[in-house]
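Enquirer: take a look and give me a structure for this.
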Amino acid sequence: MKNLLLSPWLAVALCAVLSTLTDTLGTLWWEKKDISILLGTIFLSPLVFLCFGYVGRHFGLAMASSLTNTLIVAGPILVGLTLRQEIRRLSLPQMIGMTLLVAGITLLACFRPPAD
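Expert: Residues are numbered from 1 along each chain as shown. This next block holds a predicted model:
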């Protein structure tokens, strides 16, 4: 039976969530200059690095980079669009690009080559 706590797919999700949180905290820190926000960002950053390393070990650098880095971009986009109401500042081509980004994640996750 597989250990779900050590699942590479869980690590991909964790890496994306931690990175999104870190990016969001970084933006908040520049807006508010609160030391607790800065400390949270500094604490979370190494955890993102370690999660990425774990994912890279299981999927290889190319696949790990495409999965995690795309999700790392998509997460803050969703936070900006939903929680910060930044959708009003986007053009139609920008929204199409963000949609294509999500489609790319889906293709990477669903259409993997068979395992060696």
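
Enquirer: quick one, what contacts the residue nearest the centre of the chain?
Expert: What sits nearest the mean C-alpha location of the chain, by C-alpha atoms, centre = their mean, is Ile72, with 2.2 Å. By C-beta atoms under 8 Å, 6 or more residues apart in numbering, the contact list for Ile72 reads Cys15, Ala16, Ser19, Thr20, Asp23. No exception for glycine: its C-beta is placed from N, CA and C like everyone else's.

Enquirer: need the contact list for the first one.
Expert: Looking back up the chat, that one is Cys15. By C-beta under 8 Å, 6+ apart, the residues touching Cys15 are Val48, Cys51, Phe52, Val55, Thr68, Leu71, Ile72.

Enquirer: which one of the residues you listed is nearest to Ala103?
Expert: Leu71 (13.2 Å; C-beta to C-beta).

Enquirer: quick one: low-confidence ranges for the protein?
Expert: 1-5, 109, 112-116 (pLDDT under 70).

Enquirer: if we go to 80?
Expert: Counting by pLDDT under 80, the chain shows low-confidence ranges at 1-8, 66-67, 69-74, 76, 101-102, 105-106, 108-116.

Enquirer: which stretches in this structure count as strands?
Expert: Residue ranges of strands cannot be listed for the chain, since DSSP state E assigns none.

Enquirer: ok so, going back, can you redo the contacts of Ile72 as TSV with distance to Met98?
Expert: Compiled in TSV, the contacts of Ile72 are given as follows (distance: C-beta to C-beta, whole Å):
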residue	distance to Met98
Cys15	20
Ala16	15
Ser19	17
Thr20	14
Asp23	15
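
Enquirer: ok, of these, which one's closest to Ala64?
Expert: Among the contacts of Ile72, and counting by C-beta to C-beta, the member closest to Ala64 is Cys15, at 8.9 Å.
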